[in-house]
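In: what's the 3D shape of this:
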Amino acid sequence: MTPAAAGTPVAPAEVTAPPTVGVEEEFVLAGRHSRAAVHRAPSVVRAALGRIGASHVTAEVSQAQVETVSAVCRTAAELEAEIVRLRRGAAAAAAEYDCLLVPSGTPVLGRPGPPPIADKPRYRAFARRFGPLMHDQGVNACHVHVGVDDREEAVRAVNHLRGWMPLLLAITGNSPYSDGTDTAYASWRTMVWSRWPSAGPPPYLRGVAHYERIVGQLIASGAAMDPAMIYWYVRPSPHLPTLEVRIADVLPEAATTAAYALLVRALVAGAVQAVRTGEPAPEVPDPLLRAACWQAARHGTSGILPATHTRDHTPTAVGPLVEELWKRVEPQLTGYGDDRRVGDWLSAVQSRGSGSSRQRRIAGHHGGSLQAVVDTLAVEPR
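Out: Numbering: from 1, shown residues only. Modelled structure (predicted):
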């Protein structure tokens, strides 16, 4: 149990005002009757524009996907209310076209495409360059943006965050099923997304100049079309003064998404503080970090991961790693008033597993019915 979840009093931390936080969530559209992925995003996005605002909803590469983009938030209550607003509004728009809005990293039933791809010049360029690699890339993530104004600090903070990516993936896996099949992975989305040549854990970065040189080389090599296509699990945003953590599957509930985003905010804030105080970051070998992310995607909370946030990388069960993560973020969480909310969620993950475990429990309780999984996950329209 984390101290917050156990009710242990914790002294307020010496921290400044919390950084801003925002969330992008991707969802699959499922037919109301078939519960399989359907390609109705152009219509659903148009319907959602008037409900939640043009800046808060967009199409993704697959026409079976919808993405919501939150406002910039400061407090936990503001963030959760915004996530609820966007989810319900997008679900109401989906209902207009006989769809369910489903927060699962991959479609439980049916294939998401592309093809067909969303009708945007960028995505058409993707198809020309990468060809069949795009097939079935209709997978759904949760991206968290945390405000970091100083670009040099943001780049160097990546080094303190990259070792935590396997654990964050293990506790947020929410895509065990794909096209009606149990993949035996906790996050099949991660395996599909890792096909991109620019996807995966970030390298150890020596500073802004080093970061820009690597990005330029990837673009020159053809592995990426522009900086926005550097699909590292944590990166400085190419267009915002934020650090963006991109490791998680879309999460099943708004409250879970909010708790995860607050955890990420605390972790980022601690990383920035480590940069400012000169704390060295462990130089985790890239192959080990990639292997640890695969292990997290495969086994989720039941696995053993190398402790890639440390220098010795000792293989450790996920439960003790969560406790180590808690110790790392507790000062920030306490100072921001987020310790109870995040602690309760982490305790639930330790006792019941992540979203992938929940999906499998739902199927088990309904005689293996994956339609029941879709129905249980689907967001209620407002």
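
In: How about the secondary structure of the closest residue to residue 282 other than its chain neighbours?
Out: Once flanking residues are discounted, residue 282 sits nearest to residue 311: 4.8 Å by C-beta to C-beta, 6 or more residues apart in numbering. Any C-beta I mention is one placed from the backbone N, CA and C, and that applies to glycine too. Put simply, residue 311 is coil when judged by DSSP: H, G, I helix; E, B strand; the rest coil.

In: surely residue 311 meets residue 285?
Out: No. Using C-beta atoms under 8 Å, residue 311 makes no contact with residue 285, being 11.2 Å away.

In: picking that back up, what's the local residue count around the residue nearest to residue 282?
Out: The tally of other residues near residue 311 (other C-beta atoms under 10 Å) stands at 13.

In: what does residue 129 give?
Out: 13.

In: Please list all residues in contact with the spatially closest residue to residue 248 that is not a sequence neighbour.
Out: Distances taken as C-beta to C-beta, 6+ apart put residue 172 closest to residue 248, at 3.7 Å, once the chain neighbours are dropped. Residue 172 is in contact with 142, 187, 247, 248, 249, 251, 260, 354, 355, counting by C-beta atoms under 8 Å, 6 or more residues apart in numbering.

In: List phi and psi for the closest residue to the fifth one other than its chain neighbours.
Out: Meaning residue 249. Computed as C-beta to C-beta, 6+ apart, the closest residue to residue 249 that is not its neighbour in sequence is residue 105, at 3.4 Å. When quoted as degrees, to the nearest 10, the phi and psi of residue 105 stand at phi -60, psi -30.

In: Wasn't residue 144 part of a helix?
Out: No. Looking at residue 144 with three-state DSSP, it is strand, so not inside a helix.

In: measure it to residue 259 for me?
Out: 11 Å (C-beta to C-beta, to the nearest Å).

In: Looking only at neighbour counts, state which of those two leads.
Out: residue 144 (29 against 25).

In: Pull out the buried positions in stretch 66-76.
Out: For stretch 66-76, a neighbour-count test (16 or more other C-beta atoms under 10 Å) marks 66, 67, 68, 69, 70, 73, 76 as buried.

In: Now for the fifth one: which residues touch it?
Out: Going back to what we said before, that points to residue 70. Contacts of residue 70 (C-beta under 8 Å, 6+ apart): 22, 23, 24, 56, 79, 82, 83, 86.

In: Let me know the pLDDT of it.
Out: Here, the pLDDT recorded for residue 70 equals 98.

In: now swap in the second one and tell me
Out: On pLDDT, residue 67 comes in at 98.

In: mind listing the helices in the stretch 201-350 of the chain by residue range?
Out: 208-221, 254-277, 286-299, 318-336, 339-352 (DSSP state H, counting those that start in this stretch).

In: Any idea which of these gets closest to residue 43?
Out: Closest approach to residue 43 among those (C-beta to C-beta): helix 254-277, 24.0 Å.

In: coming back round to it: looking at the helices of the stretch 201-350 of the chain, which is closest to residue 110?
Out: Per C-beta to C-beta, nearest to residue 110 of the helices of the stretch 201-350 of the chain: helix 286-299, 21.5 Å.

In: what angle separates that closest one from helix 318-336?
Out: Angle of helix 286-299 versus helix 318-336, following axes from the mean of the first three to the mean of the last three C-alpha atoms, to 10 degrees, is 100 degrees.

In: packing partners for the biggest strand by length in the chain?
Out: Determined from DSSP state E, the single longest strand within the chain is strand 21-31. In terms of contacts (3 or more C-beta pairs under 8 Å, 6 or more residues apart in numbering; DSSP states H and E), strand 21-31 is packed against strand 65-69, helix 76-96, strand 99-102, strand 141-147, helix 254-277.

In: Only C-alpha atoms, please: export it in PDB.
Out: This file holds the C-alpha atoms of strand 21-31, laid out as PDB (Å, rounded to 0.1, in the frame of the first residue of the first chain):
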ATOM      1  CA  VAL A  21      -1.100  19.500 -17.200                       C
ATOM      2  CA  GLY A  22      -3.100  18.400 -20.200                       C
ATOM      3  CA  VAL A  23      -4.200  15.100 -21.700                       C
ATOM      4  CA  GLU A  24      -4.800  13.800 -25.200                       C
ATOM      5  CA  GLU A  25      -6.900  10.600 -25.400                       C
ATOM      6  CA  GLU A  26      -7.600   8.400 -28.400                       C
ATOM      7  CA  PHE A  27     -10.600   6.200 -28.700                       C
ATOM      8  CA  VAL A  28     -11.900   3.500 -31.000                       C
ATOM      9  CA  LEU A  29     -15.400   3.800 -32.500                       C
ATOM     10  CA  ALA A  30     -17.400   0.600 -32.300                       C
ATOM     11  CA  GLY A  31     -20.700  -0.100 -34.000                       C
END
